[in-house]
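K.L.:
Here's a sequence, model it:
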Amino acid sequence: MDAPYARLEQIEPGIARVLAHNPSAFTYYGTQTYLIGEKAVAVIDPGPDLPEHIEALEKAIGGRPVAAIMCTSLIYEWIEWAIALTMSPEDAESYNGQQGDIWDAHTDMFLATLGSLAAWPRGRR
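P.N.:
Numbering: from 1, shown residues only. Have a look, this model is predicted:
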């Protein structure tokens, strides 16, 4: 199957998807970025920093206001951390890819959460 990378797919009225070219065990064919809305859009899982993906998103958004940006992987990372720590505290660091800093994943998740919470009231205006 040829995956429709960097192309806007209209799923339903007001719901569209752009597939990033970053296939892996975690993303399958790639990160699926969803655009929800018609006059203004919410971007769900914006995806990786790939030039063709960013260009496709900019084209798909088409100058409309972006009301919100949401990342669903944050929830998964908290669950993954808890499971890894519960199952094998000795191996949790290598499993979570903490690069020698036991708080690496936690810091990333905490900062992402703070950023989302700080941006949320602004997006509601």
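K.L.:
Could I get the full set of strands for this structure?
P.N.:
Using DSSP state E, the strands of the chain run over residues 8-12, 15-19, 32-36, 41-44, 66-70.
K.L.:
can those go into TSV with extra columns for distance to A25?
P.N.:
Heads up, the C-betas are built off the backbone N, CA and C, glycines and all. Listed next are those as TSV, based on distance: least, Cβ to Cβ, whole Å:
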stretch	distance to A25
strand 8-12	23
strand 15-19	16
strand 32-36	15
strand 41-44	21
strand 66-70	23
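K.L.:
Can I get these in a markdown table including mean pLDDT, distance to L117 and mean neighbour count?
P.N.:
Below are the strands of the chain laid out as a markdown table (pLDDT from 0 to 100; distance: least, Cβ to Cβ, whole Å; neighbours: other Cβ atoms under 10 Å):
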| stretch | mean pLDDT | distance to L117 | mean neighbour count |
| --- | --- | --- | --- |
| strand 8-12 | 94 | 29 | 12 |
| strand 15-19 | 95 | 25 | 20 |
| strand 32-36 | 93 | 20 | 19 |
| strand 41-44 | 92 | 16 | 19 |
| strand 66-70 | 87 | 12 | 15 |
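K.L.:
low-scoring stretches of this protein, by residue?
P.N.:
1, 26, 73-77, 91-106, 108-109, 116, 119-125 (pLDDT under 70).
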